[in-house]
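Novice: Build me a model:
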Amino acid sequence: MSQCSNCGAALSGNPKFCPSCGTPVSGPESAPGGEPARSGPSPRRIIFVVSLILVGLALFVFYLIPSTHPVIGSQPVVAEPSDYGPVAVTMTTIPFREEAGDLVFSLDDLKRYKLIRFEYTGGKTPRAVMAYLGPDGRLVTSISSSEHCGSTEFEIKDNKIYCSNCPSNWDMMTMEAYACCAQYYPDPIPSTVVGDEVRIGKSVVQNWAGRL
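Specialist: Got it, this is the predicted structure:
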């Protein structure tokens, strides 16, 4: 039996006020049935836990499921999807022309060979340019260079780009590295398709400064 905190009178049952002195009686709130009510987790705690879960999911997606390279993701799809198997697709050098500030080559050549390259020598520094069709049929154009080992030659197999001079290879769409030279993949550059031709801004190639 409890007692009044003010006068010490015995309290029976669950009075709200002391019958002797009228002091309010403090005690646990009761739920229906006379049992003390159980309070659930606070909204602030719930928000904190949910935030931790969302951050964990974001980190999982970012580190374990790399997203498509932003330049590649903005490129158009120009062919049917086609996975690359273990048989290597090597580079084919094709003709190109300069027109109205663009470097222009045939989209049909790219569809025929899958992986093409050409050398642009009109700027201060000669640049090798490459293009390929991604597994989803997307057009990908890039500077054909891995500055770390100096290679300008690559091949494709198993949906990866392989350097011809070192063990480096990268995912065709995310550019995630699977060996050395992680940040020195063939650097994607934007291009457009006009009719049956691919156009790359000449200034993009001329102004590419490298990453070393």
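Novice: what's next to whatever helix or strand Ile156 lives in, contact-wise?
Specialist: Applying DSSP states H and E as the criterion places Ile156 in strand 154-157. Judged by Cβ atoms under 8 Å, 6 or more residues apart in numbering, the contacts made with strand 154-157 from elsewhere in the structure are 84-91, 114-115, 130, 132, 144, 146, 161-164, 172, 186. (C-beta placed from N, C-alpha, C; glycine too.)
Novice: Stretch 160-178 too?
Specialist: Outside of stretch 160-178, the residues that reach it under the criterion Cβ under 8 Å, 6+ apart are 66-69, 72, 84, 88, 132, 134-136, 138, 140, 146, 148-151, 153-156, 159, 179-181, 183-186, 188.
Novice: Apart from its neighbours in sequence, what residue is nearest Pro188?
Specialist: Val71 (4.0 Å; Cβ to Cβ, 6 or more residues apart in numbering).
Novice: Spatially central residue for this structure, please.
Specialist: For the chain, the residue whose C-alpha lies nearest the mean C-alpha position (Cα atoms, centre = their mean) is Ser67; its distance is 2.7 Å.
Novice: Would you list the buried entries among the contacts of stretch 160-178?
Specialist: Among these, those that count as buried by neighbour count (16 or more other Cβ atoms under 10 Å) are 68-69, 72, 84, 132, 134, 138, 140, 146, 148, 151, 153-156, 181, 184-186, 188.
Novice: Looking at the residues you listed, which are in strands?
Specialist: 132, 140, 154-156, 188 (DSSP state E).
Novice: so which pair among those is furthest apart in space?
Specialist: With Cβ to Cβ as the measure, no two of those lie farther apart than Glu155 and Pro188, at 17.3 Å.
Novice: lowest average confidence, helix or strand, in the protein?
Specialist: helix 43-64 (a mean of 67; mean pLDDT, DSSP states H and E).
Novice: what's next to stretch 19-27, contact-wise?
Specialist: Contacts with stretch 19-27, where a contact means Cβ under 8 Å, 6+ apart, come from 2, 4-7, 9, 11, 14-18.
Novice: can we see that at 7 Å?
Specialist: For stretch 19-27, the external contacting residues (Cβ atoms under 7 Å, 6 or more residues apart in numbering) are 4-7, 9, 11, 15-18.
Novice: hey, where'd the helices end up in this protein?
Specialist: All helices of the chain, identified by DSSP state H, fall at 43-64, 70-73, 107-113, 202-206.
Novice: Output the second one as CSV, restricted to C-alpha atoms.
Specialist: In other words, helix 70-73. Provided in CSV are the C-alpha atoms of helix 70-73 (Å, rounded to 0.1, in the frame of the first residue of the first chain):
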residue,chain,number,x,y,z
PRO,A,70,27.2,10.0,-66.2
VAL,A,71,28.4,10.8,-69.7
ILE,A,72,27.6,7.3,-70.9
GLY,A,73,24.2,7.5,-69.3
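Novice: No further queries at this time; thank you.
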